[in-house]
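Engineer: have a look; sequence and predicted model below, questions after that.
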Amino acid sequence: MHDKTLSELAGAMANGEFSSRELTDHLLARIERLDGDLNSLITVTSDQARTAADAADAARSRGETGPLTGLPLAIKDLFCTEGVRTTAGSRMLGDFVAPYDATVVAKLKASGTVSLGKANMDEFAMGSSNENSHFGAVKNPWDQNAVPGGSSGGSAAAVAAGLVPAAMGTDTGGSIRQPAAFCGITGLKPTYGRVSRYGIIAYASSLDQAGPMARTAEDCALLLNAIAGHDPRDSTSVSRGVPNYTEELAAPLAGLKIGLPREYFGDGLDPAVEAATRDAIKVFESLGASVREVSLPHTHYAIPAYYVIAPAEASSNLSRYDGVRFGHRCEAPSDLIDLYKRSRAEGFGEEVKRRILIGTHTLSEGFFDAYYTKAQQVRRLIRQDFLDAFEEVDVLMGPTSPTPAFDLGANKDPVSMYLQDIYTIAVNLAGIPGISVPAGFVSGRPVGLQILGTHFAEARLLNVAHQFQQATDWHQRRPAIAEETR
Amino acid sequence: MQWETVIGLEVHVQLATRSKIFSGASTAFGAEPNTQACAVDLGMPGVLPVLNESAVAMAVQFGLAIHADIPEVSVFDRKNYFYPDLPKGYQTSQMYHPIVGAGEVEITLEDGDTKRIRVHHAHLEEDAGKSLHESFSDGMGHAMTGIDLNRAGTPLLEIVSEPDMRSAKEAAAYLKAIHSIVTYLGISDGNMAEGSMRCDVNVSVRPRGQERLGTRAEIKNVNSFRFVERAIAFEVERQIELLEDGAEVVQETRLFDPERDETRSMRTKEEANDYRYFPCPDLLPVVLDDAYVDHLRDNLPELPADKRARFEHELGLSTYDASVLSASRDMAEYFEQVKAVCGDAKQAANWVQGELSGALNREGLSIANSPVSAKQLGELISRVIDDTINGKAAKQVFQALWNGEGDSADAVIETKGLKQVTDSGAIEAMIDQVIAESPGQVAQYRDAEPDKRGKMIGYFVGQVMKASRGTANPQQVNALLKEKLDALC
């Protein structure tokens, strides 16, 4: 059962092949047996999962089923879940039990899904390898010496390893797409504003966006149907109708205009990754799509602009962790300043502190215009690059990441780690949607193809990704750990 | 040397919305600590603010009332600093694009002169919670600080004036004018004791005739009209003393201590925070279209300055009366109701400012809590106007109404028998009796020079009024007495 997609599982349960409770117990057993090494989940919520699965089975017996009834998944530990520890991968929130559900979590519960646990992640979603978690690094199910990517590394690894058929992630600079690529699964970052941010612990508010991670584009469409839409509690969520994302999956691709950004195929791209990417693009040509080169001239400013804007917002968003009301508090503070200093020094990890320092500096008097204001100007140019490109083509394609998953501990230098996100980060600055789909292997490690569309083009992206998955079987490959029958 | 005082005010007005500016929690005053703070107010991980539209409407109404520019777009910024009663580690405010642009407020000085004070801008922001430093300890003798977050997230409108005031009196008059505007608009209860209006005062002095401003001190938390005057008086004296001694005024923030009637240094410019303002990414810019602003403009109530002008020019009141009666919305509404019932603006003005205000002051009551309603007072005045009672009896009726001894003027007049006697037969009978009982006074009257007699008649009037228990019509008594006494001469 554990190698099936969501839609296959839904079909099997509808046919009475097994119940949600049986599926849940099977996956919980796998987690118990395998996740000690993998470390993809920070908290396993077995009891709540069994209760939810029983409720789903009861609903099914009453004939009250929806497309997601009884389907198990994992939720990145950045989403607040009522009554369940929500850590953001940080010591700061190591004991924090959220008093409410994030809107995405509430919607998933309402649609009958069964959450098995909270997925590991880089602390406060800051990282590209999942090595920044207070709860330890996550291993890549394809190769235990490799990282799963980040920051939604736990979500990606859990899906790839067959511990859950799908997971929720968040993406601020590539945190859904890059781990999806590294772990050989499908991950969608929706348009900024498409999915509510309420209850997602904020990293960089103008960039953060939640999205589904699963084995197929079709499964991502099923999940997006459940979580998309305006939320009166998130002013930045957009009040715009939500289409049925599964309806357009089957549309043929003949006539599709694909743009290849010249800047995404330049220096720093692993030639083997480039070859896999170009092979994937040939598949689209065989499906009737046309391909042309386009330019996103401001691409090389994306990483510097991101590392001004995201840390600036983070430095402010993380001020609330002061040891006063919740979260880690140091022992026996001598006064208020001591309480602040030690609680934060002990509670935050190195990368989080680095970004708080960067953000505090760039916002400070005398530096604000040179950094923050300039970065916002660059951000507008980057957005315009994409809008100009989408005047010419329907979608953009390129590699999700310049390399396949790298070895644990390989990227010690923060800047070389930041450069990993070269192809994903501009997408968040522009607010457009992007999806990563499995497109081959390099030395046994998966390669992802990134497909980008204009604002609110999720249905098109899912259609394009789904058609690719009808023509290829990269998404059906499983690492050895998931091939086991138990 | 002659010194000139230069004053600017930052007035924080708590807006009378039912819920907070960015959450659905109640804003009611006086609840148990931390019972009116939801996850958003507590700054829990993951929460997001949603702007309360009624706070926007109130801010715009204020802007329209002071004839300010209302920019199409305003933006919320984060003001970052750490403090235990600031849950998120930043205050959401408006630094660069406030909701209300430049406007002006007219103030009336004691001599009746008016002056225009320019308002630089007004912006929306959220209030912080309260730190309670008293009556907490850890049980082992260590003092502790309690945090009450009920107030966190309460909407504030901060109104920033230009440095246009030149005396403590002008500053107090400006503060009163702001108070009057916000209470007229109904956008704040204006209750200074409960902190609904708080004021920071910027004070500097300079040699008279010098254009350049002197170095200013900012005095925080001056929370009554009286304290504003006292704090400024102290601060001006302190600064002049420093300058005359050849020292310099340091730019700093000072705190007013009403107990000791002085200001004390809180922090100097060097110690000031760098607040690292930047646009709040959780809130969209506020975009106001013309239709929205026009709708609010069309529905503005009559404002104090307009009311004052109307009282003066249409109702024929003196400048002073018009200004006193329009100072507060409650007072103006009461007066207008009295006037509507009795139909005489001048009588209504006299009664409201005289008998009623005197009684309210004596008992420390506000006009909203007056035991005599506007309708009762209006009917009472009507009875004076239609000669049912005379002025003396009217005061008795007022006192009776004040004491709750009757529901209406008519009822009191009836039960106390205060109806004016206008039957000349009855008055003549009383006069005859008084004349008969006062042979000495009658003789004096007869012997006096005719031009002295006018004054002497007062004695007889008094006696007749007494005999009538105050109910005889004084004009009739006068005329008939004169007739009868002169007939004796």
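Structural biologist: In hand now; what should we look at?
Engineer: who touches B:Gln463 in this structure?
Structural biologist: Listed by Cβ atoms under 8 Å, 6 or more residues apart in numbering or on different chains, the contact partners of B:Gln463 are B:Val434, B:Glu437, B:Ser438. Every residue, glycine included, has its C-beta placed from N, CA and C.
Engineer: most neighbours, which of these?
Structural biologist: The most crowded member of these, judged by other Cβ atoms under 10 Å in any protein chain shown, is B:Val434 (23 neighbours).
Engineer: A:Ala471 versus that residue, what's the distance?
Structural biologist: Distance of B:Val434 to A:Ala471, computed by Cβ to Cβ, to the nearest Å: 124 Å.
Engineer: equivalent analysis for B:Ile21, please.
Structural biologist: Computed as Cβ to Cβ, the B:Ile21 to A:Ala471 distance reads 53 Å.
Engineer: check A:Ile42 too.
Structural biologist: A:Ile42 is 37 Å from A:Ala471, by Cβ to Cβ.
Engineer: ok, how many other residues are close to B:Gln210?
Structural biologist: Quick note: B:Gln210 (other Cβ under 10 Å) scores 11 neighbours.
Engineer: list the residues that contact it.
Structural biologist: Per Cβ under 8 Å, 6+ apart, neighbours of B:Gln210: B:Glu4.
Engineer: equivalent analysis for the one 3 residues further on, please.
Structural biologist: B:Leu213 sits next to B:Val6, B:Pro163, B:Ser204, B:Arg206 when contact means Cβ under 8 Å, 6+ apart.
Engineer: try 10 Å this time
Structural biologist: B:Val6, B:Gly8, B:Pro163, B:Asn202, B:Ser204, B:Val205, B:Arg206 (Cβ atoms under 10 Å, 6 or more residues apart in numbering or on different chains).
Engineer: does it sit in a helix, a strand or a coil?
Structural biologist: The assignment at B:Leu213 comes out as coil when based on DSSP: H, G, I helix; E, B strand; the rest coil.
Engineer: I'd say B:Val182 and B:Gly63 touch.
Structural biologist: No: contact between B:Val182 and B:Gly63 fails when scored by Cβ atoms under 10 Å: they sit 11.9 Å apart.
Engineer: mutual contacts of these two, please.
Structural biologist: By Cβ under 10 Å, 6+ apart, B:Val182 and B:Gly63 have these common neighbours: B:Leu157, B:Ile159.
Engineer: of the contacts of B:Leu213, closest to B:Gly470?
Structural biologist: For the contacts of B:Leu213, the closest approach to B:Gly470 (Cβ to Cβ) belongs to B:Gly8, at 56.3 Å.
Engineer: B:Ile21 and A:Ala471: who's more crowded?
Structural biologist: More crowded of B:Ile21 and A:Ala471, by other Cβ under 10 Å: B:Ile21, with 24 against 13.
Engineer: got a list of what the more buried one touches?
Structural biologist: Contacts of B:Ile21 (Cβ under 10 Å, 6+ apart): B:15, B:27, B:49-52, B:54-56, B:76, B:92, B:124-127, B:153-156.
Engineer: could you find the closest non-adjacent residue to it?
Structural biologist: Residue nearest to B:Ile21 in three dimensions, not counting chain neighbours: B:Pro155, with 3.7 Å by Cβ to Cβ, 6 or more residues apart in numbering or on different chains.
Engineer: circling back to that earlier point, in helices, which of the contacts of B:Leu213 fall?
Structural biologist: Taking DSSP state H as the definition of helices, those contribute nothing to them.
Engineer: just the contacts of B:Ile21: which are in helices?
Structural biologist: Per DSSP H, the contacts of B:Ile21 map to helices at B:Ser54, B:Ala55, B:Val56.
Engineer: relative to chain A, which of those is nearest.
Structural biologist: Within the ones in helices among the contacts of B:Ile21, the smallest distance to chain A is 12.8 Å, found for B:Val56 (Cβ to the nearest Cβ).
Engineer: quick check, the residue in chain B closest to chain A?
Structural biologist: For chain B, Cβ to the nearest Cβ, closest residue to chain A: B:Gly89, 2.4 Å.
Engineer: isn't that residue right up against A:Ser315?
Structural biologist: Yes: the pair B:Gly89 / A:Ser315 is scored as a contact, 9.4 Å apart, by Cβ under 10 Å.
Engineer: who's more crowded, these two?
Structural biologist: Just comparing B:Gly89 and A:Ser315: by other Cβ under 10 Å the higher neighbour count belongs to A:Ser315, 25 against 21.
Engineer: measure stretch A:179-193 end to end?
Structural biologist: 22 Å (Cα to Cα, to the nearest Å).
Engineer: now do that stretch, average pLDDT.
Structural biologist: Stretch A:179-193 shows a mean pLDDT of 98 in the predicted model.
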